[in-house]
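> Sequence and predicted structure below; questions after.
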Amino acid sequence: MITLAVDCMGGDHGPSVTLPACRHFLEQHPDAQLLLVGLPESLGAFAHPRARMVVATEVVGMDDSIEVALRRKKDSSMRVAIAQVKDGTAQAAVSAGNTGALMAIARYLLKTLDGIDRPAIAPQIPNAQGGATTVLDLGANVDCTAEHLLQFAVMGSALVSALKNNETPSVGLLNIGEEAIKGSEVIKKAGELLRSAGNAGDLNFYGNVEGNDIFKGTVDIVVCDGFVGNVTLKASEGLASMILSFLKVEFSRNIFTKIAAFIAYPVLSALKKRMDHRRYNGAALLGLRGLVFKSHGAADAFSFGYALSRAYDAVEHNLLHRVQARIAHAAPLLVPAEAVVPPALAASTY
């Protein structure tokens, strides 16, 4: 039985989204059970033989600072959910709450794996190949060293190999051009480290890639710092929404466009499904001594259900062990970054 701890209070909508998603998830996964963490008055009406309520007395708001979430709200639903993973009661935790707070609390309670300085957020972005490109980091670390980017690449490779049954996923380094001589000094050094890791058999390094390669599906994994990654994610979501809205308006203008829309319905339906970012919801927080998944803060029940499923798949495919094994193999190259400085956690809305 796979057990997930769910922060039912997190996100923009809280229990009105998380509880319906949990019920549907339990119906689809008969070998799973859920620990529903939240305020008793908000969860009291939920009943299921494979769900148990875990009481929390506080909630981390989407605009709470990291200090408030970490030091003042010690009985928040977010913290209690992650504590279930630390104690071994649950195998993974899922939250749609404040990104910065989630990363800070998860890092404080679970600690990072040996050889990893900073955890990273690794969501998926749909691509033209019919699949998705894993991009990391997507908002946890706004400034990164070359060593951090190498660590992200190793962890991302473990994630994709575990969840997509691909032992040698290709890795690209996001840059302003494909040539090795381009980019900042950090990116150039990161390229050297990634090439060394590729030569040592720790990675399948493709080389530098550009922003459009994410959507082309040129590589399985794209590595970047959290500032660039988060902007890329939000831009992709905005573009998808704009295209779908444009098609809806254009095909409803008159009788002829409505007829055209009816004829093209199967293609439009497939396009809408392909571009629906809700189906790719659920980002792993990689590099921790436990599994934590971040749902988009504005997720609806359909979208939050996908985050639960990604956490379930990660447990089922032994993601944590795979990440540890990859890191151990690449240990000689994973030299800790010179700065022992707390990560600059972005207050991302992801």
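Received, thanks. Predicted model, so just to flag it, every value in this text is computed and none were measured.

> rest of the way, CA atoms for contacts and neighbours
Fine.

> Quick check: residue 95 vs residue 141, distance?
Distance of residue 95 to residue 141, computed by CA to CA, to the nearest Å: 19 Å.

> More neighbours: these two, which one.
The neighbour count for residue 95 versus residue 141, taken as other CA atoms under 10 Å, is higher for residue 95 (30 against 27).

> Is the more buried one bridged to anything, and to what?
Counting by DSSP bridges, residue 95 forms beta bridges with residue 294.

> pretty sure it is touching residue 298, no?
No - in this structure, residue 95 is not within contact of residue 298 by CA atoms under 8 Å, at 11.6 Å.

> Look up the residues that both of those two are in contact with.
residue 11 (CA atoms under 8 Å, 6 or more residues apart in numbering).

> OK, contacts around the most centrally placed residue in the chain?
For the chain, the residue nearest the mean C-alpha position is residue 283 (1.3 Å; CA atoms, centre = their mean). For residue 283, the contact set (CA under 8 Å, 6+ apart) comprises 121, 122, 123, 124, 293, 294, 295, 307.

> I'd like to know which of those is nearest to residue 110.
When the contacts of residue 283 are ranked by distance to residue 110 (CA to CA), residue 293 comes first, at 13.3 Å.

> residues near the closest one, how many?
Using other CA under 10 Å, residue 293 has 26 neighbouring residues.

> Relative to residue 226, how far out is it?
Residue 293 sits 16 Å away from residue 226, going by CA to CA.

> ok, now residue 207?
Computed as CA to CA, the residue 207 to residue 226 distance reads 19 Å.

> the more surrounded of the two?
More neighbours surround residue 226 than the other of residue 207 and residue 226, with 25 against 20 (other CA under 10 Å).

> Kindly confirm whether my reading is correct that the more buried one touches residue 141.
Yes - in terms of CA under 8 Å, residue 226 counts as a neighbour of residue 141; the distance is 4.7 Å.

> who's in contact with the residue nearest to the residue nearest to the centre of the chain when sequence neighbours are not counted?
Spatially, and ignoring its direct neighbours in sequence, residue 283 is nearest to residue 123 (4.1 Å; CA to CA, 6 or more residues apart in numbering). Neighbouring residues of residue 123 by CA under 8 Å, 6+ apart: 134, 135, 136, 138, 280, 281, 282, 283, 284.

> please redo it, this time with the cut-off set to 10 Å
Applying CA atoms under 10 Å, 6 or more residues apart in numbering to residue 123 gives the contacts 132-138, 156, 229, 233, 280-285, 293-296, 350.

> Show me just the buried residues among those residues.
132-138, 156, 229, 233, 280-285, 293-296, 350 (16 or more other CA atoms under 10 Å).

> which SS class is residue 128?
coil (DSSP: H, G, I helix; E, B strand; the rest coil).

> What is the neighbour count of it?
Using other CA under 10 Å, residue 128 is surrounded by 15 other residues.

> can you give me the strands for the protein?
Ranges of strands in the chain, per DSSP state E, are 2-7, 32-38, 51-55, 92-95, 120-122, 124-126, 132-136, 170-174, 204-209, 221-223, 283-286, 291-294.

> Can you pull the phi/psi pair for the residue nearest to residue 18 when sequence neighbours are not counted?
Distances taken as CA to CA, 6+ apart place residue 8 nearest to residue 18, at 5.5 Å, with adjacent residues excluded. Per-residue torsions, residue 8: phi -80, psi -10 (degrees, to the nearest 10).

> Which pLDDT does the model give residue 8?
The per-residue pLDDT reported for residue 8 equals 97.

> That one against residue 96, yeah?
Yes - contact criterion CA atoms under 10 Å: residue 8 and residue 96 qualify, at 8.4 Å.

> Overlap of the contact sets of these two?
Shared contacts of residue 8 and residue 96 (CA under 10 Å, 6+ apart): 14, 18, 78.

> Helix or strand with the lowest mean pLDDT in this structure?
Every helix and strand of the chain was ranked by mean pLDDT, DSSP states H and E. The lowest is helix 265-275, at a mean of 59.

> Residue 16: neighbour count?
Quick note: residue 16 (other CA under 10 Å) scores 15 neighbours.

> which residues touch the nearest residue to residue 324 once chain neighbours are set aside?
Closest residue to residue 324 apart from its sequence neighbours, by CA to CA, 6+ apart: residue 113 at 7.4 Å. Going by CA under 10 Å, 6+ apart, residue 113 touches 107, 119, 286, 287, 288, 289, 290, 320, 323, 324, 327, 328.

> again, but for residue 293
Shown in contact with residue 293 (CA under 10 Å, 6+ apart): 6, 92-96, 102, 121-123, 281-286, 307-308, 310-312, 314.

> If we use 7 Å, what do you get?
By CA atoms under 7 Å, 6 or more residues apart in numbering, the contact list for residue 293 reads 93, 94, 95, 282, 283, 284, 285, 311.

> Columns pLDDT and distance to residue 149 on top of these, output as JSON lines?
Putting those into JSON lines (pLDDT from 0 to 100; distance: CA to CA, whole Å) gives the following:
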{"residue": "93", "pLDDT": "98", "distance to residue 149": "25"}
{"residue": "94", "pLDDT": "98", "distance to residue 149": "25"}
{"residue": "95", "pLDDT": "97", "distance to residue 149": "25"}
{"residue": "282", "pLDDT": "87", "distance to residue 149": "21"}
{"residue": "283", "pLDDT": "90", "distance to residue 149": "17"}
{"residue": "284", "pLDDT": "91", "distance to residue 149": "16"}
{"residue": "285", "pLDDT": "93", "distance to residue 149": "15"}
{"residue": "311", "pLDDT": "96", "distance to residue 149": "24"}
